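Chemist: got a predicted structure plus its sequence, pasted below:
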Amino acid sequence: MLEAIKFWFLDTWREFLIGLGLFLSGIQTAMLVILCFVVLDTILGVLAARKQGQELTSRKFGRSLYKFILYPVILMTGQAAEQYLTPGIPWFWVSSAFVTTTEMKSLSENIGTLLGISVWGRIKLLLWKEKGIDLDSAEDQYEENKKK
């Protein structure tokens with residue numbers, strides 16, 4: 001009886017791992033890229049904290065661990081929703097874009113701290129200039145509309 005339970009458990013576990021592998025095979029590249037972003041963000045975050053003279057605490061480092069767990073779960077949930085709930089909606093790509101944008105923003109903040117420039121501000125400036133819009137006049141117009 002014990003051998004039958006042991007065999008059933010090992011067989012079920014093997015089938016689960018094979019199914020998980022097949023499920024993840026379509027999103028492994030995206031997950032690897034996101035996890036590389038998290039590692040890079042963690043390294044740059046530590047360097048930025050040192051530059052600002054901040055103390056490195058387990059709570060701050062725990063946020064990186066949180067990202068290591070949360071981001072793959074978000075991607076897997078998007079993949080599952082796209083495959084099984086609403087195949088017509090690209091949930092995986094929406095979740096990937098959300099996670100990637102969040103990490104890129106965090107990376108730009110850390111790079112900005114290290115280099116002393118606003119990377120995100122420079123990106124916005126380049127985008128505005130490419131469209132032929134003067135950023136200073138756009139900000140002035142925004143402030144005027146805000147007062148009304």
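Modeler: Nice, I can see it.
Chemist: which outside residues touch stretch 32-41?
Modeler: Residues outside stretch 32-41 that contact it (Cβ atoms under 8 Å, 6 or more residues apart in numbering): 64, 67-68, 71-72, 75, 96, 99-100, 103-104, 106-107, 110. To be clear about C-beta, it is placed using only N, CA and C from the backbone, and glycine gets the same treatment.
Chemist: residues near the residue nearest to Ala81 when sequence neighbours are not counted, how many?
Modeler: Counting by Cβ to Cβ, 6 or more residues apart in numbering, Ala81 lies nearest to Trp91, which is 4.1 Å off, once chain neighbours are set aside. If you count neighbours by other Cβ atoms under 10 Å, Trp91 ends up with 18.
Chemist: next one: Pro72
Modeler: Quick note: Pro72 (other Cβ under 10 Å) scores 18 neighbours.
Chemist: wait, isn't it in contact with Met31?
Modeler: Yes. Assessed by Cβ atoms under 8 Å, Pro72 is found in contact with Met31 at 5.5 Å.
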